[in-house]
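Sequence and predicted structure below; questions after.
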4 protein chains.
Amino acid sequence: MKPRDENKVNEIYAATLQLVKENGLSGITMSMIARKAGFATGTVYIYFENKEQLIVQLFEKCFRNYAQDYFAGFDPSAPFKVAFHTIWMNMVKHSTAKFNELIFIEQCFHSPFISEETRKTSKEMLKPWLDLIEKGKNEKLIKQLETPWLMIYIRGPVREMIKYAEYNKVKISKELIDNMFEMCWNGIRA
Amino acid sequence: MKPRDENKVNEIYAATLQLVKENGLSGITMSMIARKAGFATGTVYIYFENKEQLIVQLFEKCFRNYAQDYFAGFDPSAPFKVAFHTIWMNMVKHSTAKFNELIFIEQCFHSPFISEETRKTSKEMLKPWLDLIEKGKNEKLIKQLETPWLMIYIRGPVREMIKYAEYNKVKISKELIDNMFEMCWNGIRA
Amino acid sequence: MKPRDENKVNEIYAATLQLVKENGLSGITMSMIARKAGFATGTVYIYFENKEQLIVQLFEKCFRNYAQDYFAGFDPSAPFKVAFHTIWMNMVKHSTAKFNELIFIEQCFHSPFISEETRKTSKEMLKPWLDLIEKGKNEKLIKQLETPWLMIYIRGPVREMIKYAEYNKVKISKELIDNMFEMCWNGIRA
Amino acid sequence: MKPRDENKVNEIYAATLQLVKENGLSGITMSMIARKAGFATGTVYIYFENKEQLIVQLFEKCFRNYAQDYFAGFDPSAPFKVAFHTIWMNMVKHSTAKFNELIFIEQCFHSPFISEETRKTSKEMLKPWLDLIEKGKNEKLIKQLETPWLMIYIRGPVREMIKYAEYNKVKISKELIDNMFEMCWNGIRA
DNA sequence: GATGAATGAGCCTTCATTCAT
DNA sequence: CATGAATGAAGGCTCATTCAT
């Protein structure tokens, strides 16, 4: 007997992400996904109940990756700027390495697939990042602004930088990253 | 496909934008658009050749609005920071007032509807903004970074701020805007 | 504007009945139905929400026809044997004229389409027939057996006769009908 | 397709009959059959070439059972009424004990699975029953009607009685059977 | 022009059948 | 043999588009 090849799930995910980046959520079909992943349409239905489930589960996986990557090597007890730098760099790395996922998540947020609830629980995964910002505020190292606005202020430039680089096929240099980090820091510092 | 009754065209546009915000590009149909706009499916085809044309033309219109709004009251000969502030405020106003269009443009960028060419010509509309940044660099008022990165650095936080406010149904206070502007400025100042 | 052609519903019904007689419920597809009725597949979906609804609604219509035809010209106050003969003849006429419907109903009874409830309410339509039998029992004209068994005893031969005639392409003569009626009557008479 | 393990074949048959009774021919799939029979889908294909063969062979088996059961203990040389009673009782017993098969045969008659030929050869198995009726006619004990109509007249009430009992979960009493037999006899007697 | 019924290509999904294990 | 994952043709259904009114 041929056992259920759990690797196929990942191949389906990869195909989906690639296609969504290229064509948007509105431009993909189950047969496109199957073809890109290298098997028959019906096979996808062995691993996913239907298209919606595939999208939802991939969304959740992407969001988990996202939260996880953000906090790689993150030490909440480190000095604020060090910890902040760690997460900022993780953002850049994650967004670059998993650009497909970034785009996929963005497209999903305006789709009929993702429920309000999924959206909310997803955001809760970023709690440590929120906590860190609050710590920075408490230590008077950064502006006394409501935390979400500070988080947003950071995410915005990073996300746009990666998008620009991807769309225009530009490399992001070490120098640019340093510059960008400095700009972000100058923006929020007290 | 006779865009005579400019009024009807706008109703179709409005319905489309609303629906895309709610359901994403993947969640809209021509009949949904027609129903929301208040007439029969066939009527849409009097004003637009097909779905793609509707999307493309709306995209172009949105981008024109975008560029236009950015430069409302903009005086290139004004002192840099004044001009910069004008445009920054225009970004905020435009994104807030026409949030639907922001989302629509974003969704279109990853859709089969918008050609590479359309994307590029669209961006050219923002030339004055680019020129302004370069002027700021020449005057040594802001960082000597390649212009696109500076533009991006500004757009990012603004866009994210508006999205956050919309999704979380939060009002953006005058004070927040001032704070955000200051942060953006601190980020890019020389 | 082309108004919804309610006649199409009947054409769809007719096509379905014909196809079910020929191939059974398991042998029909929506496109077969559409083709036989003479229009495109999608058209069927203008008149029926889905396949199940089509089947269910046709079932209900057939059962209404059935009940109605049974009681054509039926006078409950007529002498028992006269009234009994009226209904018996109606059974024969209905089953012959609407053989398709007879088969369709039979197939539906063992299908996933018809709910237990529909089955039950359908049967209630035959109340007058039940009442008549009871009247006959009260008047001691027929056997003192529980009513359902008497009803069944009558329906059985009629149904089988019609089926046999249809399947073997045999005409049912006036004489045969008289003979059959007499046999049925002799069976139940007191 | 090696009907070696006759036991497994019977389990497949039993599962199929049960499912067809519950869902009709249109409501069964090969995997449903396999699951109900307690093994994997592929296993069914070891014993049957394909779905059609499974249905056809089961049909033939059911029809053989049917004919066989009808003539259990039947002595053609016995007095007519005795022999007639034997077969009539066999009908009742068979239909009750193998109600699944009755329904299955009925559904098959209107399916794409059973060929015209299979239908005909099946009927020939009932020859002794036909002969008996003719004997009764020759002996002037029953009505001088064409034999098929007499056969039908008998089968009809029996079949309907069993169906009614099954669908309404009613027990058939010894008394009812006697009554029914008497009615059938009174119907056909000369 | 406006309407919405009609069309049929194409998408999602199922399921009979095959095949690697 | 037995298994159930894999296959892909075919069915149910949708929806962009057309067309009769």
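Yep, that arrived.

For A:P112, the count of nearby residues, please.
Using other Cβ atoms under 10 Å in any protein chain shown, A:P112 has 15 neighbouring residues. For the C-beta atoms, the positions are set from N, CA and C on the backbone; glycine is no exception.

dump the residue contacts of it.
B:23-24, B:26-27 (Cβ atoms under 8 Å, 6 or more residues apart in numbering or on different chains).

May I have the phi/psi pair for it?
With angles defined as degrees, to the nearest 10, A:P112 sits at phi -80, psi 0.

What are the boundaries of the helices in chain A?
A:6-23, A:30-37, A:41-47, A:51-70, A:80-97, A:99-109, A:116-124, A:127-138, A:147-167, A:174-188 (DSSP state H).

And the residue of chain A found nearest chain C, its phi and psi?
Of all residues in chain A, A:N50 sits closest to chain C, at 16.8 Å by Cβ to the nearest Cβ. Note on A:N50: backbone dihedrals following degrees, to the nearest 10 are phi -160, psi -180.

hang on, A:I172 packs against A:K163?
No. Counting by Cβ atoms under 8 Å, A:I172 stays clear of A:K163, with 11.3 Å between them.

more crowded one of these two?
Taking neighbours as other Cβ under 10 Å, A:I172 and A:K163 compare with A:K163 leading, 19 against 16.

Skipping adjacent residues, who's closest to whatever residue of chain A ends up closest to chain B in space?
Among all residues of chain A, A:G156 sits closest to chain B, at 3.0 Å; criterion: Cβ to the nearest Cβ. Excluding its sequence neighbours, the residue lying closest to A:G156 (Cβ to Cβ, 6 or more residues apart in numbering or on different chains) is B:G156, at 3.0 Å.

try A:A40
The shortest distance from A:A40 to any non-neighbouring residue, by Cβ to Cβ, 6+ apart, is to A:A34 (6.1 Å).

Tell me where the model's unsure across chain A.
Low-confidence segments of chain A (pLDDT under 70): A:1.

Domain map for it?
A:1-48, A:52-188 (automatic domain parsing).

Adding distance to DNA strand F, write those domains out as TSV.
Converted to TSV, those look like this (distance: least, Cβ to the nearest atom of the strand, whole Å):
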stretch	distance to DNA strand F
domain A:1-48	2
domain A:52-188	10
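
Of all these, which one is nearest D:A190?
Taking Cβ to Cβ, domain A:1-48 is the member of the domains of chain A nearest to D:A190, at 64.6 Å.

mind checking how far the closest one is from the chain centre?
20 Å (Cα atoms, centre = their mean, to the nearest Å).

can you check stretch A:69-80 too?
What separates the centre of stretch A:69-80 from the centre of its chain is 17 Å, taken as Cα atoms, centre = their mean.

Tell me the buried residues in that stretch?
When burial is assessed from 16 or more other Cβ atoms under 10 Å in any protein chain shown, stretch A:69-80 yields the following buried residues: A:69-71, A:74, A:80.

next one: stretch A:48-62
By 16+ other Cβ under 10 Å, the buried positions in stretch A:48-62 come out as A:48, A:51, A:54-59, A:62.

Within reach of chain B, which of the residues you listed are there?
On the criterion Cβ under 8 Å from any Cβ of the partner chain, none of the entries of the buried residues of stretch A:48-62 sits beside chain B.

Please identify which pair of these lies farthest apart.
Farthest apart among those by Cβ to Cβ are A:K51 and A:C62. That separation is 16.3 Å.

hmm, back to that, out of the buried residues of stretch A:69-80, flag the one nearest to B:E117.
A:D69 (34.8 Å).

Look up how far DNA strand E lies from that closest one.
29 Å (Cβ to the nearest atom of the strand, to the nearest Å).

shouldn't that residue be in contact with A:N90?
Yes. Counting by Cβ under 8 Å, A:N90 is a contact partner of A:D69 at 5.7 Å.

so how many other residues sit close to the residue nearest to A:V158 when sequence neighbours are not counted?
Closest residue in space to A:V158, ignoring its immediate chain neighbours: A:M91 at 4.8 Å, by Cβ to Cβ, 6+ apart. A:M91 has 22 neighbours, counted by other Cβ under 10 Å.

cool, A:G27 as well?
By other Cβ under 10 Å, neighbour count at A:G27 equals 16.

residue contacts, it?
By Cβ under 8 Å, 6+ apart, the neighbours of A:G27 are A:19-20, B:26, B:111-112.

of those residues, buried ones?
Buried among those (16+ other Cβ under 10 Å): A:19-20, B:26, B:111.

Enumerate the residues of chain A near DNA strand E.
Residues of chain A lying near DNA strand E by Cβ under 7 Å from any atom of the strand: A:1-2, A:28-31, A:41-42, A:45, A:50-52.

Out of those, grab the one that's most surrounded.
Neighbour max across the residues of chain A next to DNA strand E (other Cβ under 10 Å) = A:I28, 22 neighbours.

Isn't it up against A:Q18?
No. Here A:I28 lies out of contact with A:Q18, judged by Cβ under 8 Å, at a distance of 9.7 Å.

Sort out which residues of stretch A:32-43 are buried, please.
For stretch A:32-43, by 16+ other Cβ under 10 Å, it's A:32-34, A:36-37, A:39.

ok, which pair from those is furthest apart?
A:M32 and A:F39, at 12.5 Å, using Cβ to Cβ across the buried residues of stretch A:32-43.

What residues does chain A have near chain B?
Checking chain A against chain B by Cβ under 8 Å from any Cβ, the hits are A:20-27, A:103, A:106-108, A:110-112, A:143, A:145-146, A:148-149, A:152-153, A:155-161, A:164, A:168, A:176, A:179-180, A:183-184, A:186-189.
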